[in-house]
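Trainee: 3D, please:
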Amino acid sequence: MSETLVVRSLARPRVYGGAAVGVLLLALPFYLDRFWLQAGLFAMAAAIGAIGINLLTGATGQLSMGHAFFLAVGAYGYCVFAGDGGDGLTGLGLPGWLAAVLAVVLAGLAGGVFSPIAGRLRGAYLGIATLALIFIGQHVLFNAEDLTGGFNGRAVPPFSLFGLTFDDSEVLVAAVPFGSAEKLWYLGLVLLLAGALFARGVLSGRPGRAMNAIRDHRVAAGVMGIPVARHRAAAFVLSSMYAGLAGVLLALVFQRTVPEYFGMVLSLEYLAMIVIGGLGSVAGAVVGGVFVSLLPQLLNRYSDALPLVSAPGTGGIAPGEAARYLYGAAVVAVVLFLPGGLVRLAARRTRPTPGEER
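Mentor: Below you'll find the predicted structure:
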């Protein structure tokens, strides 16, 4: 009975805290300016992509260096499906919602093509194999100019759903003008919530237990009757679809896709996200994604007030470089002192003490 009361007493603050955070997130577009809304949208996109790679690396134990490739597939796939060809580039002119769905499916298909390799390789070998996807993707993005626009990229068609277009045309909501950032904010929240809930369902069910067994001991999992290669391939496809969804959201926020962005550095950033936040945890992926994506933007915003950090070309450390130094140090600190990531630290704070259990 006492244990039940302790569980209930711990659950209530979490429920109330979650409800308060939800109300706050819904109200933020009415008060924040465009910079902070865009920063939040970048964090949402990063969190979605981090959930995907956490399903692959954190839950299944497969090292992937090609996550940026699938983000590019989602971003450019949306542009091709939704574009009308008015800019001289290939476009099918599909509705925005359909183009987004097809872009995510396309990313999953790309992952499915690579999944036989992912199902049979592991460790550094899989990492090297997926690294090849980055080089292939960069070559295609820079040279398939009819599809990608080449070095200069291509403009991103606005998203549309139920007659509402998520562009800069202002819509008054409670006397507050809503532009593209405000509209996309709610779209990002819905996508992040749906992605997080789906991933939690996968990890808490039989597929998640099988993935964890494969991660912990591949041979033992096979002896227990778990089809190792099939689960690894499925995890790779699912991770690719999450990356494709994150790519679509990133493209909508940026409003222009640039090939240089989808390089090796982006893949390394996603690995840093899941290590800092917590491997194998949905909440850890969200925390790590927010941390790594917001850090360079905050440093760039307040570079004038920070020592040693200055705008590029002015003699100091550029905000982007400073951010990489900081989250690189965070990765080292987490590996050495907090193996479970930042979510493990939060779990320790909410864990009842022996006196409370009685």
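Trainee: tell me, how many neighbours does G17 end up with?
Mentor: G17 is flanked by 10 other residues according to other CB atoms under 10 Å. C-beta here means a position set from N, CA and C on the backbone, and glycine is covered the same way.
Trainee: Then the one 3 residues further on?
Mentor: Burial of A20 is recorded as 10 neighbouring residues (other CB under 10 Å).
Trainee: check which helix or strand covers it.
Mentor: helix 2-27 (DSSP states H and E).
Trainee: Next secondary structure after that helix?
Mentor: helix 34-53.
Trainee: counting contacts, what elements does that following helix pack onto?
Mentor: helix 67-82, helix 180-204, helix 228-254, helix 264-277, helix 282-301 (3 or more CB pairs under 8 Å, 6 or more residues apart in numbering; DSSP states H and E).
Trainee: and the ones you listed, which is most packed in?
Mentor: Mean neighbour count (mean count of other CB atoms under 10 Å) peaks for helix 67-82 among the helices and strands packed on helix 34-53, with a mean of 29.
Trainee: what residues are up against the residue most central in space within the chain?
Mentor: The centroid of the chain falls nearest to G49 when counting by CA atoms, centre = their mean (2.1 Å). Residues near G49 by CB atoms under 8 Å, 6 or more residues apart in numbering: H67, L71, Y242, A243, L245, A246, G247, Y270, G289.
Trainee: Phi first, then psi, for G225.
Mentor: Backbone dihedrals for G225, given as degrees, to the nearest 10, come out at phi 100, psi 10.
Trainee: Roughly how far does it sit from A213?
Mentor: 10 Å (CB to CB, to the nearest Å).
Trainee: Look at those two and report which has more neighbours.
Mentor: Neighbours were counted for G225 and for A213 using other CB under 10 Å; A213 has more, 18 against 7.
Trainee: Spatially nearest residue to that one, not counting backbone neighbours?
Mentor: Among residues not flanking A213 along the chain, A221 sits closest, at 4.1 Å (CB to CB, 6 or more residues apart in numbering).
Trainee: The one you found contacts A210, doesn't it?
Mentor: Yes: in this structure A221 lies within contact range of A210 using CB atoms under 8 Å: 7.0 Å.
Trainee: quick one: which of the helices and strands packed on helix 34-53 is nearest I128?
Mentor: helix 264-277 (12.4 Å; CB to CB).
Trainee: Which elements pack onto the closest one?
Mentor: For helix 264-277, the packing partners by 3+ CB pairs under 8 Å, 6+ apart come out as helix 34-53, helix 67-82, helix 124-143, helix 282-301, helix 319-337, helix 342-350.
Trainee: TSV please, covering these and showing distance to W185 and mean pLDDT.
Mentor: Putting the helices and strands packed on helix 264-277 into TSV (distance: least, CB to CB, whole Å; pLDDT from 0 to 100) gives the following:
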stretch	distance to W185	mean pLDDT
helix 34-53	6	94
helix 67-82	18	95
helix 124-143	28	90
helix 282-301	14	90
helix 319-337	23	85
helix 342-350	24	69
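Trainee: Take those and lay them out in JSON lines including distance to L106.
Mentor: Output for the helices and strands packed on helix 264-277, formatted as JSON lines (distance: least, CB to CB, whole Å):
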{"stretch": "helix 34-53", "distance to L106": "15"}
{"stretch": "helix 67-82", "distance to L106": "4"}
{"stretch": "helix 124-143", "distance to L106": "13"}
{"stretch": "helix 282-301", "distance to L106": "22"}
{"stretch": "helix 319-337", "distance to L106": "30"}
{"stretch": "helix 342-350", "distance to L106": "32"}
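Trainee: To P259, which of those helices lies closest?
Mentor: helix 124-143 (3.5 Å).
Trainee: between that closest one and helix 228-254, how big is the angle?
Mentor: Following axes from the mean of the first three to the mean of the last three CA atoms, to 10 degrees, one obtains 40 degrees for the angle between helix 124-143 and helix 228-254.
Trainee: who touches stretch 38-47?
Mentor: Against stretch 38-47 from outside (CB under 8 Å, 6+ apart): 28, 32, 181, 184-185, 188-189, 191-192, 196, 246-247, 249-250, 253, 269-270, 273, 285-286, 289-290, 292-294, 297-298.
Trainee: ok, now stretch 85-99?
Mentor: By CB under 8 Å, 6+ apart, stretch 85-99 touches 77-84, 102, 145-149, 154-155, 157-161, 165-166.
Trainee: Buried members of those into PyMOL, please.
Mentor: Listed next is the PyMOL selection for buried residues among the contacts of stretch 85-99, using 16 or more other CB atoms under 10 Å:
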select buried, resi 77+78+79+80+81+82+83+102+147+148+149+154+155+157+158+159+160+166
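Trainee: Could I have the CA atoms of stretch 284-294 written out in CSV?
Mentor: In CSV, the C-alpha atoms belonging to stretch 284-294 read as follows (Å, rounded to 0.1, in the frame of the first residue of the first chain):
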residue,chain,number,x,y,z
GLY,A,284,16.8,11.6,-23.8
ALA,A,285,16.6,12.1,-27.6
VAL,A,286,14.3,15.1,-27.1
VAL,A,287,16.5,16.6,-24.5
GLY,A,288,19.7,16.0,-26.5
GLY,A,289,18.1,17.4,-29.7
VAL,A,290,17.0,20.6,-27.9
PHE,A,291,20.4,21.1,-26.3
VAL,A,292,22.6,20.6,-29.4
SER,A,293,20.3,22.5,-31.8
LEU,A,294,19.7,25.5,-29.5
